[in-house]
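Participant: Predicted coordinates and the sequence they were generated for:
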Protein chains: 4
Amino acid sequence: MCRWLAYSGSPLSMEDLLYKPKHSLIDQSLHARLGPHATNGDGFGIGWYGEGDEPALYKGVDPIWNDQNLREIARQVRSGLMFAHIRASTGTPVQHSNCHPFRYGKWLWMHNGQIASFQDIKRELVLAVDPALYPSIRGSSDTETFFFLALTFGLEHDPPAAVERAVRHIEKVAEGAGIPHPMRMSVAVSDGQSIWGFRYSSVGDPPSLYFSTKVETLRHQYPDMPIFQTLSHDSRLVVSEPLGDLEGAWNEVPASSYGVIRHGADEMAPFTARAS
Amino acid sequence: MCRWLAYSGSPLSMEDLLYKPKHSLIDQSLHARLGPHATNGDGFGIGWYGEGDEPALYKGVDPIWNDQNLREIARQVRSGLMFAHIRASTGTPVQHSNCHPFRYGKWLWMHNGQIASFQDIKRELVLAVDPALYPSIRGSSDTETFFFLALTFGLEHDPPAAVERAVRHIEKVAEGAGIPHPMRMSVAVSDGQSIWGFRYSSVGDPPSLYFSTKVETLRHQYPDMPIFQTLSHDSRLVVSEPLGDLEGAWNEVPASSYGVIRHGADEMAPFTARAS
Amino acid sequence: MCRWLAYSGSPLSMEDLLYKPKHSLIDQSLHARLGPHATNGDGFGIGWYGEGDEPALYKGVDPIWNDQNLREIARQVRSGLMFAHIRASTGTPVQHSNCHPFRYGKWLWMHNGQIASFQDIKRELVLAVDPALYPSIRGSSDTETFFFLALTFGLEHDPPAAVERAVRHIEKVAEGAGIPHPMRMSVAVSDGQSIWGFRYSSVGDPPSLYFSTKVETLRHQYPDMPIFQTLSHDSRLVVSEPLGDLEGAWNEVPASSYGVIRHGADEMAPFTARAS
Amino acid sequence: MCRWLAYSGSPLSMEDLLYKPKHSLIDQSLHARLGPHATNGDGFGIGWYGEGDEPALYKGVDPIWNDQNLREIARQVRSGLMFAHIRASTGTPVQHSNCHPFRYGKWLWMHNGQIASFQDIKRELVLAVDPALYPSIRGSSDTETFFFLALTFGLEHDPPAAVERAVRHIEKVAEGAGIPHPMRMSVAVSDGQSIWGFRYSSVGDPPSLYFSTKVETLRHQYPDMPIFQTLSHDSRLVVSEPLGDLEGAWNEVPASSYGVIRHGADEMAPFTARAS
């Protein structure tokens, strides 16, 4: 289980996003409240859209709370679309190539949750990846395989449909291997313009997922952060765990749903991976 | 605040010592119960007496729970005297040269606690280190400075007296700088034959410290660990936090005391750093 | 291109093996003489047979010349069968899971050379790995894929035949993808009793490979190393580059050959991967 | 011995500066031509002036040629004043706090060369550092001590005079300890507006140092780099080793001299540390 956040809106300092909130992602790396693991110390990654079409990545295998370079970079980077992820490994090695977010072209992908018994079905899942995409797989994690399945199933054209198909495929393969309920996920994906956030579980409660609805609420929640006073109205956060306690600031995404944020507007829709 | 353990007795597998106990040091790195920090993920170190007069050191800056090399080495090493330490940094950088235990010749030293406002008095403390010892200082931590002060004050000849003098000196320097109660410590030190364990605080409760009194108790506590069935009677553990819950297995060292373990025997004595 | 050595014989200190020779592997990491790269700084790995049936592994992603832990461990470990490898990456990431030697059960495998255009044929090669072995693949390198192909083709029963079949399979797949001469290799493999060393190239000169024939020669070459004075007669080294300059100490393995060392005896045989 | 470069001029992409030149700093990390070490793989550091008054730092302990994060960051950062340094350690540990450049407030400092027998005189040198500056020392290297001596002797007010005084002090202390010719240096220092480059040795040839005199020359030398076509006339490089072979592009700084670059203009002056 991991923790992540995604930001869309006015160009924001990475430092303000990562370090300033009261229950920031840095704080969550040591004291996560929701989910089974308080510590998320198995590496981290930041992705942001800046120069060029491809988003930039900064990843580390040390705990995020100790990374001195990230503190430096965070002060220098401003971006209107940022992903940040802290990892609590579910078994695959802690190495650069397994840190989220994953990138393919202009796409970013990160995940909290896991594919159950992944090692048992990894081969069959990897085989289903488009051979043209296969050489771009660099690590060994369930999340990267999931990403490349979604790409195979059309992520670049219709993200919700592609993620549904990828989940269905994983569930089908798992079922064939005697693994009844393989998926637990809150996933964020972006093409640099929109952010999609998915919340789903094959059975039971999926991992937590929240949207911040209004920048006014953020201003209220972080009165000490001048940046929020000047953010445009279209700024939004999607998080696996709220960045503070303020009543009313965070809306939970219902299970089996996804939301999409685009130019400050958001929509919510059902996510029904299970074939009926 | 950190966690540590010291073992003395029959040659024991490092794997049995570090990984097998229920509330092992590895478990404590994520779920420490006593003290202010649940997570001790800021590097670690193992010291053991094996080939040669000098103890060997293995240190890492990653969290101990992720270190794949340590799992390998732990299976290969057997030693009759081992130190292990997991760090929760109180401010100095997480780097190899700041990981405990520290070594000088045949001596090992590790520490849980801190010297308050260390940066403010570091220069004066370092100046008090014997100039002949000064070039052997490699890192920047309060613990290493404390170790070299103890060496300066005669650690190699009379450990309890030298540690008392070092603590007194630190308290005096701190007082001169307007820092009234600088020391909080549970310290372990060894010359390869004996282990001394000190528990002291300039004011209030010092960090926790426990001795296992009898190998019979360990056998009872870890019935699943064949190694304890074959340990000799003189095997002992000193720990900053008990390795399991068993009632009666662990004896708390009183505040302002130290214990020494030598050839299976132990003594306890008062530790009175404060000049009267 | 990498550098490696394999040792078989009387239990030897790892320090004597790695650090003491004049043109040691540590020296080769900065100043390799044979092959295209003078620097082999992309990680390293040591494998040795000690406690338990499985060999132990110690790997690092930093250059071997900087690894402080290895210096400590090397002083503590003695073994009668050791592998050591320093890496100059041919493209796959420098991460623990890509460092040689690779291990499967009691088997160790390391490689100097490469599979040409590996990314283009990786998928087809990985598909040929026995599905029961597939979940044991942890990294992304050509060498690990090669190892698992050899395991698939019977390495545990007949190493030379299995390596031949694996090479033939790689050559066939490569040919199908328009890659005419994919293999360049000097490979060492061991089951803890024997060491096999293979030297082969699909075309042209394969990477260098040398055997030390007699311990008497080593004694002569390293008169300052007391350990060689006491080594038993059955001690042997297989290296990708001689550890010193002494005329007559090292025998080159001919191209398209393999040697096997077992209990101090050695045999050489042709290695003919190409289907006739 | 290390390698470094400093850039001043129109905002330039860090990628263009570090990766694009033919004999780039990345190339020099594996194949340095001048000086005793071909490999500079003992960590690296980049400093640049961007957001805020303090320059930003990015440092790594791995070889620069393997750092994936640096490639990402380099694409995102543009700055009008950048320092870059690759290290070949002369003995102090390879750790973040020993990587150049060093920073104090708005000042950056980096060094190629060494203080001979530094461990023997370190204590006395560190004692001479202003006690108010002492707590800002974070590492253990000769270069950082040198930097804090220069700060102590007035770097912030008159850099050439302060560096001269620092060198004189080091030479005096060394002489007292029986070390006749302690300094070998090419040093770069900046306050964010100017760059000073010093070349000096207590005896014999100092480490190499070059200035690029005219941006027209750079345009000629790198016709494939569009960025140089659009650089302003005031862009300058100071390097310990030329970034390419083009005849006439690089001017050697004479021994016992320093240069200062400010707003595209440069001056050269003698540097006479030795008390007459």
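Facilitator: Looks like it came in fine.

Participant: what bits of the stretch 51-200 of chain A have low per-residue confidence?
Facilitator: Within the stretch 51-200 of chain A, not a single segment meets pLDDT under 70.

Participant: what separates residue A:34 from residue A:43, distance-wise?
Facilitator: 20 Å (Cβ to Cβ, to the nearest Å). Where you see a C-beta, it was placed from the backbone N, CA and C, and this is true even at glycine.

Participant: neighbour count winner among these two?
Facilitator: More neighbours surround residue A:43 than the other of residue A:34 and residue A:43, with 27 against 15 (other Cβ atoms under 10 Å in any protein chain shown).

Participant: Tell me who's in contact with the more buried one.
Facilitator: A:59-63, A:86-87, A:89, A:94-96, A:98-99 (Cβ atoms under 8 Å, 6 or more residues apart in numbering or on different chains).

Participant: Now residue A:144: which helix or strand?
Facilitator: Element membership for residue A:144, per DSSP states H and E: helix A:142-152.

Participant: For the next helix or strand after that helix, buried residues please.
Facilitator: Next along the chain after helix A:142-152, taking DSSP H and E as the criterion, comes helix A:159-176. Applying a neighbour-count criterion of 16 or more other Cβ atoms under 10 Å in any protein chain shown, one finds A:159-160, A:162-171, A:173-174 buried in helix A:159-176.

Participant: Which residues of chain A lie near chain B?
Facilitator: Counting by Cβ under 8 Å from any Cβ of the partner chain, chain A comes close to chain B at A:30, A:38-39, A:41-42, A:61-63, A:65-66, A:68, A:89, A:93-94.

Participant: show me which of the buried residues of helix A:159-176 neighbour chain C.
Facilitator: Okay, of the buried residues of helix A:159-176, nothing touches chain C (Cβ under 8 Å from any Cβ).

Participant: Pull the contacting residues for the nearest residue to residue A:156 once chain neighbours are set aside.
Facilitator: Among residues not flanking residue A:156 along the chain, residue A:107 sits closest, at 7.0 Å (Cβ to Cβ, 6 or more residues apart in numbering or on different chains). Each residue near residue A:107 by Cβ under 8 Å, 6+ apart is listed here: A:151, A:155, A:156, A:189, A:190, A:191.

Participant: Can you tell me which of those residues is closest to residue C:218?
Facilitator: Distance to residue C:218, by Cβ to Cβ, is smallest for residue A:151 among the contacts of residue A:107, at 55.3 Å.

Participant: Wait, that closest one touches residue A:159, no?
Facilitator: No: counting by Cβ atoms under 8 Å, residue A:151 stays clear of residue A:159, with 10.2 Å between them.

Participant: need the residues of the stretch 101-250 of chain A near chain C, please.
Facilitator: Proximity of the stretch 101-250 of chain A to chain C, by Cβ under 8 Å from any Cβ, involves residues A:119-120, A:122-123, A:126-127, A:131, A:134-135, A:137-140.

Participant: most surrounded residue in the residues you listed?
Facilitator: residue A:140 (23 neighbours).

Participant: In a strand, that one, correct?
Facilitator: No: in this structure, residue A:140 is coil, not part of a strand, as judged by DSSP: H, G, I helix; E, B strand; the rest coil.

Participant: If you drop the residues flanking it in sequence, what lies closest to it?
Facilitator: residue A:92 (5.2 Å).

Participant: residue boundaries of the strands in the stretch 101-250 of chain A?
Facilitator: Secondary structure of the stretch 101-250 of chain A (DSSP state E, counting those that start in this stretch): strands located at A:102-104, A:107-115, A:183-190, A:194-201, A:210-212, A:236-239, A:250-252.

Participant: so who does the residue nearest to residue A:140 touch?
Facilitator: A:98, A:118, A:139, A:140, A:141, A:142 are the contacts of residue A:92 under Cβ under 8 Å, 6+ apart.

Participant: how about the residues you listed in TSV, adding distance to residue D:7?
Facilitator: Formatted as TSV, the contacts of residue A:92 follow (distance: Cβ to Cβ, whole Å):
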residue	distance to residue D:7
A:98	35
A:118	47
A:139	35
A:140	39
A:141	38
A:142	43
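
Participant: what's the closest of the residues you listed to chain D?
Facilitator: Minimum distance to chain D across the contacts of residue A:92 is 12.2 Å, recorded for residue A:139 (Cβ to the nearest Cβ).
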